[in-house]
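>>> the amino acid sequence is not available; the structure is as follows:
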């Protein structure tokens, strides 16, 4: 039963080994940070070149051991597939357009989220809130698409930079939604050509802002629920009870329940006495 | 009873036909998107010209069938009138100032909102929130009007672009309310001429922001109510009960109600026993 | 008892006269709006000149009647004193620096707030929220003063436009707080001279944003309370009960109270029966 | 027992002396404000030079008395150590790079926060909220680090001002998070060189905004709890009960509790009567 396979699986998942891997992830992230300084990067070129081979090698060994231990089950976790992609990215040649892909090595730092429970709960809470806002996002996308199409067709021929293609219009509308220079660098020049276009911009801002508020509220309601759920999961029911305390609810409810218990006890006493009376009657 | 009229009405409102129309709306929106690319638009000109005739024709047929089936009742729904306007817009000649109106064909995509229940509930929730903020909007409009008038009268002669007319002042104030370049491109140049005008801008920003916060809060309260109502409508009472769960209410209330039921049962038992005792007395 | 004085007071405060005055205020606001158009202003100069005399004259008559009717009590209301100031402003000569003061005639439109109850409740709710945020404002002012002083002393000699005087620094900090061009037009140029100054800007933005969030929350809590109070005042308890409905409270509470009433009835019945039994015993 | 040491401690902590010190702090802050005006600073140079010596001298005396009175316990309070640092800063020579440190004398105004209870509660509430957002901040920092690294490696060589070093990238990302000129002055120029980079900016804005919303909500929940706690501390339970009143809870709960009491009284009455009946039976 206690085969080599199982022992390898237990060893690689043990707290000690995992802590070393966390340390390696952090060390790797710091090293990548140091490499952004040209001075350091050139002076310690040999060291960094070594790390660029050594760290992925260690990760590769980790993956291979897991592959050996868990076999085909290994591919069931999205995180494991993510790990494989990261290692492959690190083995790519440094030249050519793939140079940009190599930059994504830093995404390895995201593995920390899985390792630290508090961060995992937070990220899961954030992802859990997405379904509750999905229909608002569908609506927002429709609004974006309609406005982008109108913008591209009407303003496109004149303002190629902002409304040249559907994609550029989408980006401009995103910029307008964040209220960044929407008036000075987009709306006012467009209005100089198309005087009526203020309707387009003002209506879009109102709709987009209104929808954003709704997204915000949906996230708020959801996050509060997730917070409660997460804190219960961690056995930290404190926050929830404090909200109840704020509303002064539980204490009074407790009083009511206690009184009801008293009432029930008395009633049962009365019942048994009536039983006795009835029996004595017969 | 089962006249042609009724059969036509049932057929046009049937799920199958409606799904085809939804597909047609989406297809139409995608085609309008593709047309924004000049390459595609010129290469497939014949195809798009055909669609520009064919799709409105289908919509026209849909309207005519509905008109035949529902008669004068057809005009009772705002959406039907919207449909007629869209079809008429598509029949307009492409030249002249009406070219812009033709762009509004994309509004046809809004018909999707009616067809997909989740979107309809969302939009109706949004529209339902409007009455609750109408008085704040009246107040905001008054503030806008007063500030626009002061701005036009004092800054207007010097800063024609920003405060030349009442309309331009309104637009500038809207820009200031969104906090977009309010200082660098409006307030600072104006303050160079009218040193005291910082009072005008700072007070407007404070009032406008304060009012916006109140609008936000009003929408928040309303949306939460509408969310609860909408989820009840869909039989999705889950969200609501989760809020209650968060506040720890229902479970305790449930306990109380259960205990009350127990108490009532015991009391009724006592009553019947007392009845028996009284009867035995007689 | 029914002297001329009293009759004058009743007449001027009657709904009919007040509605005429509301109409006059709105008409006056619209006329001031039309005057911003040069074409209209020059074409109808005579008419507007007449209005500029006639409308203040009517307001003056209103004030005189009120003064006659209410005597010294007239000065007890802030709004009445506001009215007098407005009329005096309208009698000022058009030339010289007082021209700006004449623009403030538009403030007369604010009298509408007093006349329409819903607006008055809203404005009073807004003003009621101020005490709850006053200490946060004191803290914010302290932060502003400290940062303005540091900014003026260190950046002042180099960046005269932004940090030349304490007042200019305050304005710049207000601009930074609204996040308007804080980086591109203020922080980046300053950082080019004082590299460490990013600490100044980033810390100020964090503190100011944090404080704003607290102001927002304080207003939110307060507005919700005021909303409840105001709706009770208007007999519109609807909103409140809907919030309760959202939390599923009242219905269950109602159930509990109904059950308690049932229980009480049964218990009283039992008591009277026991009375009867005891009496029959004797 | 009533030694000189104790008497000195009581005297320096007495309300009267503390009020004089508060007055001195405010006076000092105002004087520092006046000094920013060159006219006043040069005309009253002698006076300000005197104050620059006199005020720190008084603070030094305060510290020395406290040191004498409380001995080593004096160093247990962070505020006392802050006081010592301030006095030392004032004794530094005016020339050289330390001139900037002298500007920090204004931080002395922060001592007001300790002296005024309402401000202290506010600041403590703000600091208390920090732990609840610490993990969100850790996540935000990770996001910043990853994006800064990617930005520095890919855009760094071309856009030296914005992404030259890790620090500059961090600052640019902070600017993007505040949505200040993110598109016009950063994203659009970068996109002209790296067309795919819109993914970088849009995804960062979405993640950063989403995280900010979560920070906001966490602060909101926390502040509401702290507000309740603080108002209880001050014996101002009013706010809390008003929230309950808004939800219509306590009054109904009160009714229920009152009814339960009635029920209990009746039941106890029934019990004693049954006792009597049972006794009479025997």
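It's in. Keep in mind the model is a prediction, meaning the values are calculated, not measured.

>>> where do the helices of chain A begin and end?
Assigned helices in chain A, in chain order: A:4-13, A:15-35, A:38-43, A:45-70, A:78-91, A:99-103, A:111-115, A:117-154, A:160-163, A:166-177, A:188-193, A:198-233, A:238-246, A:249-281 (criterion: DSSP state H).

>>> would you mind giving the ones you listed as a markdown table with distance to residue B:85, mean pLDDT and mean neighbour count added?
Where C-beta positions appear, they are placed from N, C-alpha and C, glycine not excepted. Below are the helices of chain A laid out as a markdown table (distance: least, C-beta to C-beta, whole Å; pLDDT from 0 to 100; neighbours: other C-beta atoms under 10 Å in any protein chain shown):
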| stretch | distance to residue B:85 | mean pLDDT | mean neighbour count |
| --- | --- | --- | --- |
| helix A:4-13 | 65 | 81 | 13 |
| helix A:15-35 | 58 | 85 | 15 |
| helix A:38-43 | 63 | 80 | 11 |
| helix A:45-70 | 61 | 82 | 15 |
| helix A:78-91 | 48 | 74 | 15 |
| helix A:99-103 | 49 | 66 | 14 |
| helix A:111-115 | 51 | 75 | 16 |
| helix A:117-154 | 16 | 82 | 18 |
| helix A:160-163 | 25 | 89 | 18 |
| helix A:166-177 | 24 | 92 | 22 |
| helix A:188-193 | 26 | 91 | 16 |
| helix A:198-233 | 17 | 75 | 19 |
| helix A:238-246 | 50 | 42 | 17 |
| helix A:249-281 | 53 | 68 | 15 |
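
>>> so which of those is nearest residue C:268?
helix A:249-281 (14.9 Å; C-beta to C-beta).

>>> looking at the helices of chain A, which is closest to chain C?
Proximity to chain C (C-beta to the nearest C-beta) singles out helix A:249-281 among those, at 8.3 Å.

>>> circling back: now the helices of chain A as TSV including distance to residue B:81?
What follows is these, written out as TSV (distance: least, C-beta to C-beta, whole Å):
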stretch	distance to residue B:81
helix A:4-13	65
helix A:15-35	60
helix A:38-43	67
helix A:45-70	63
helix A:78-91	50
helix A:99-103	53
helix A:111-115	52
helix A:117-154	19
helix A:160-163	30
helix A:166-177	28
helix A:188-193	30
helix A:198-233	20
helix A:238-246	48
helix A:249-281	50
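
>>> got these as a markdown table, with distance to chain B columns?
Converted to a markdown table, the helices of chain A look like this (distance: least, C-beta to the nearest C-beta, whole Å):
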| stretch | distance to chain B |
| --- | --- |
| helix A:4-13 | 34 |
| helix A:15-35 | 33 |
| helix A:38-43 | 35 |
| helix A:45-70 | 36 |
| helix A:78-91 | 27 |
| helix A:99-103 | 27 |
| helix A:111-115 | 25 |
| helix A:117-154 | 4 |
| helix A:160-163 | 9 |
| helix A:166-177 | 5 |
| helix A:188-193 | 8 |
| helix A:198-233 | 5 |
| helix A:238-246 | 5 |
| helix A:249-281 | 4 |
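
>>> domains for chain A, by residue range?
Per automatic domain parsing, the structural domains of chain A span A:2-115, A:122-248.

>>> list the contacts of the residue nearest to residue A:176 when sequence neighbours are not counted.
Leaving aside its sequence neighbours, residue A:176 sits nearest to residue A:182 (C-beta to C-beta, 6 or more residues apart in numbering or on different chains; 4.2 Å). Shown in contact with residue A:182 (C-beta atoms under 8 Å, 6 or more residues apart in numbering or on different chains): A:175, A:176, A:201, A:205, B:175, B:178, B:180.

>>> at 10 Å instead, please
Neighbouring residues of residue A:182 by C-beta atoms under 10 Å, 6 or more residues apart in numbering or on different chains: A:172-173, A:175-176, A:188, A:201, A:204-205, B:175, B:178, B:180-181, D:183-184.

>>> can you add distance to residue A:114 and give those back as CSV?
As requested, these are arranged in CSV below (distance: C-beta to C-beta, whole Å):
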residue, distance to residue A:114
A:172, 37
A:173, 35
A:175, 34
A:176, 37
A:188, 48
A:201, 43
A:204, 40
A:205, 39
B:175, 45
B:178, 40
B:180, 40
B:181, 43
D:183, 34
D:184, 38
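
>>> from those, which is closest to residue C:124?
Relative to residue C:124, and with distances defined as C-beta to C-beta, the nearest of these is residue B:178, at 27.7 Å.

>>> can you check the pLDDT for the closest residue in space to that closest one that isn't next to it in sequence?
Counting by C-beta to C-beta, 6+ apart, residue B:178 lies nearest to residue A:179, which is 4.7 Å off, once chain neighbours are set aside. pLDDT for residue A:179: 91.

>>> what's residue A:179 sitting at in phi/psi?
Torsion angles at residue A:179 (phi, psi; degrees, to the nearest 10) stand at phi 60, psi 20.

>>> that one: neighbouring residues, count only.
19 (other C-beta atoms under 10 Å in any protein chain shown).

>>> what's the spacing between it and residue A:162?
16 Å (C-beta to C-beta, to the nearest Å).

>>> residue B:217 is nearest to which of the helices of chain A?
Ranking these by proximity to residue B:217 (C-beta to C-beta) places helix A:198-233 first, at 10.2 Å.

>>> find the nearest non-adjacent residue to the residue of the stretch 51-200 of chain A found nearest chain C, please.
Nearest to chain C in the stretch 51-200 of chain A, going by C-beta to the nearest C-beta, is residue A:181, at a distance of 9.0 Å. Leaving aside its sequence neighbours, residue A:181 sits nearest to residue D:184 (C-beta to C-beta, 6+ apart; 4.6 Å).

>>> having no further points to raise, I will conclude here.
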